[in-house]
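[1] Give me a model of this one.
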Amino acid sequence: MKILITGANGQLGNELKSIIRSGKAEIGEISHEVKNSEVVALDVEGLDITNLDMVKAVLWREKPDVLINCAAATNVDGCESNRDLAFKINALGPRNLAMVAEEIGAKVVQVSTDYVFSGVGDTPLSEFDIPMPNSIYGKTKLMGENFVKDFSTKYFIVRTAWLYGHVGKNFVYTMINLGKQRNEIQVVNDQKGNPTNANDLAYHILKLILTEEYGVYHCTGNGECTWYEFAKLIMELSGEECEVHPCTSEEYKTPAKRPEYSSLDNMMLRNTIGDEMRPWQDALKGFLKNRD
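    Down below sits the predicted model:
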């Protein structure tokens, strides 16, 4: 098996490479077929997914069996101020990949987000709930999903949320750094979702690609919390003596509207390959234990 990973230097790309190289995730071992696969890991310098000619040249040269697209414009506020760039990366990029992957017969994994939903409600959202994004980030990611559906017959669209990993910027590292610098901080307590360890997400993607269980998946840490509750546990587990105070979204305004409630239900996982995603608290403990 030959696997091509785009956006390979990001949080998820890094975990995919690490798990394939070692043959195991924190949850458990991966299959021998995936462990022994040939991996082509490319970041934007090696494959700019917004450039259709480049996508054609690279995919036809490599001819992977599976293409995992981890490339995305994920700066939610930045997407509001630069709509064209968000559209190119989050929508046209997946279109380009899906079109050429279909020509070479490759399976496609498109990583998506909880931001495709409206953020209103109080019940975890399943794959049959109707997307209704409010931000440019969410709208362009949804368009990327739709392009993959339009142009690929062998796709896994995997929505995740509140992702953190061992490289790059994420909420966990931000809180730890703030905990070292300050005695107290404020964190919003009126937005609820599912913290997700990138190692757990990568493990499930590497299970999915061995199957023909095509479709849309939710893949997040099990259980839900607010950002405030998430921050409090991060401080507690990392040993930072920083007091976390709750505040409202009104007190902490951002250019892009954040979902008030975007908890996802991993229904497709449960009914196909199985949902082994850890409770978010256990996954956070594992992450902090294994951080560099």
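[2] Tell me which stretches of the protein form strands.
    For the chain, strands defined by DSSP state E occupy the ranges 2-6, 38-42, 66-69, 107-113, 155-160, 163-164, 184-188, 192-193, 196-197, 215-218, 225-226, 243-247.
[3] Distance to residue 289 and mean neighbour count for these - can I get that in TSV?
    C-beta here means a position set from N, CA and C on the backbone, and glycine is covered the same way. Below are the strands of the chain laid out as TSV (distance: least, C-beta to C-beta, whole Å; neighbours: other C-beta atoms under 10 Å):
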stretch	distance to residue 289	mean neighbour count
strand 2-6	26	23
strand 38-42	26	17
strand 66-69	26	27
strand 107-113	25	25
strand 155-160	21	24
strand 163-164	14	25
strand 184-188	23	17
strand 192-193	23	23
strand 196-197	11	28
strand 215-218	26	21
strand 225-226	19	19
strand 243-247	21	16
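[4] give the contact list for the residue located most distally from the centre of the chain.
    Here the centre of the chain is the reference, and by C-alpha atoms, centre = their mean the most remote residue is residue 183, at 31.1 Å. Residues near residue 183 by C-beta atoms under 8 Å, 6 or more residues apart in numbering: 241-243.
[5] pLDDT wise, what is it at?
    Note on residue 183: pLDDT of 94.
[6] What of residue 121?
    Taking residue 121 on its own, its pLDDT is 91.
[7] quick one: residue 44 and residue 70 touch, right?
    No. Residue 44 is beyond contact range of residue 70, at 11.2 Å (criterion: C-beta atoms under 8 Å).
[8] neighbour count winner among those two?
    Set side by side, residue 44 and residue 70 show more neighbours around residue 70, with 24 against 15, by other C-beta atoms under 10 Å.
[9] ok, for the more buried one, nearest residue in space, not its chain neighbours?
    residue 7 (3.7 Å; C-beta to C-beta, 6 or more residues apart in numbering).
[10] tally of neighbours for that neighbour?
    24.
[11] in this structure, which spans are helices?
    Counting by DSSP state H, the chain has helices at residues 11-22, 32-35, 52-62, 76-81, 83-87, 93-104, 136-151, 171-181, 198-208, 227-238, 267-271, 280-290.
[12] what's the most buried one of those helices?
    helix 198-208 (a mean of 25; mean count of other C-beta atoms under 10 Å).
[13] can you list the weak-confidence ranges in the stretch 101-250 of the chain?
    Residue ranges of the stretch 101-250 of the chain with pLDDT under 70: none are present.
[14] coming back round to it: and of the contacts of residue 183, the nearest to residue 178?
    residue 242 (6.7 Å; C-beta to C-beta).
[15] Now the phi/psi pair for the residue nearest to residue 70, please.
    Backbone dihedrals for residue 7, given as degrees, to the nearest 10, come out at phi 60, psi 40.
[16] From residue 128, how far off is it?
    28 Å (C-beta to C-beta, to the nearest Å).
[17] for stretch 37-54, what is the average pLDDT?
    97.
[18] should've said stretch 279-292
    92.
[19] chain center to that stretch, what's the gap?
    Centroid separation for stretch 279-292 versus its chain: 17 Å, with C-alpha atoms, centre = their mean, to the nearest Å.
[20] Give me the contact list for that stretch.
    With C-beta under 8 Å, 6+ apart as the test, stretch 279-292 has contacts from 26, 164, 166, 172, 194-197, 199-200, 221-225, 230, 233-234, 237-238, 277-278.
[21] if you set the cut-off to 10 Å instead, what comes out?
    25-27, 162, 164-167, 170, 172-173, 176, 193-201, 220-225, 229-230, 233-234, 237-239, 277-278 (C-beta atoms under 10 Å, 6 or more residues apart in numbering).
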